[in-house]
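J.: Take a look and give me a structure for this.
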Amino acid sequence: LFLFFLCCDSQAVIEPTTSGYTCSLNQTTSPCQTYVYYRAVAPDFLDLASVGDLFSVSRLMISNPSNISSPSSPLVPFQSLFVPIQCSCNRINSSMSISYAGLNYTIKAGNTFYLVSTNQFQNLTSYQSVEVVNPLLVPT
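T.: Okay, the predicted model is just below:
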């Protein structure tokens, strides 16, 4: 599963849809660095290693902006984290380009696009946007 997070492009003038923010491939602001706000949740995401693996970043890349003294410190439920991501304008098909940060996620038994977007990624993306980027994937 190729998962992505909706990113607002500073030059986007069209309101986002559930599929994302449309963009133009010739924009000069692409790519851009930003952060997502994520909360540590039990049972799977109470350490920086598991959150880092989810977003494909190092523990240190989360601990510094999140003001956590050590990358190996345990997290408490609902602890606020700032996770760096890189957004860019990407062509979806011949008529659509949207701004997003791409991540890879392996679908597990019982997952759906909806469950992954709402549970693991805490509504940082919509299930519709995941479907747009993975048009041939059956999420089972």
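
J.: got the contact list for residue 54?
T.: Applying C-beta atoms under 8 Å, 6 or more residues apart in numbering to residue 54 gives the contacts 45, 103, 105, 120-121. Every residue, glycine included, has its C-beta placed from N, CA and C.

J.: Output those residues as JSON lines; include the columns secondary structure.
T.: As requested, those are exported to JSON lines (DSSP: H, G, I helix; E, B strand; the rest coil):
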{"residue": "45", "secondary structure": "strand"}
{"residue": "103", "secondary structure": "strand"}
{"residue": "105", "secondary structure": "coil"}
{"residue": "120", "secondary structure": "helix"}
{"residue": "121", "secondary structure": "coil"}
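
J.: are any of those residues buried, and which?
T.: 45, 103, 105, 120-121 (16 or more other C-beta atoms under 10 Å).

J.: Turn those into JSON lines, columns for distance to residue 129.
T.: Listed next are the buried ones among the contacts of residue 54 as JSON lines, based on distance: C-beta to C-beta, whole Å:
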{"residue": "45", "distance to residue 129": "21"}
{"residue": "103", "distance to residue 129": "12"}
{"residue": "105", "distance to residue 129": "13"}
{"residue": "120", "distance to residue 129": "14"}
{"residue": "121", "distance to residue 129": "11"}
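
J.: This completes my enquiry, with thanks.
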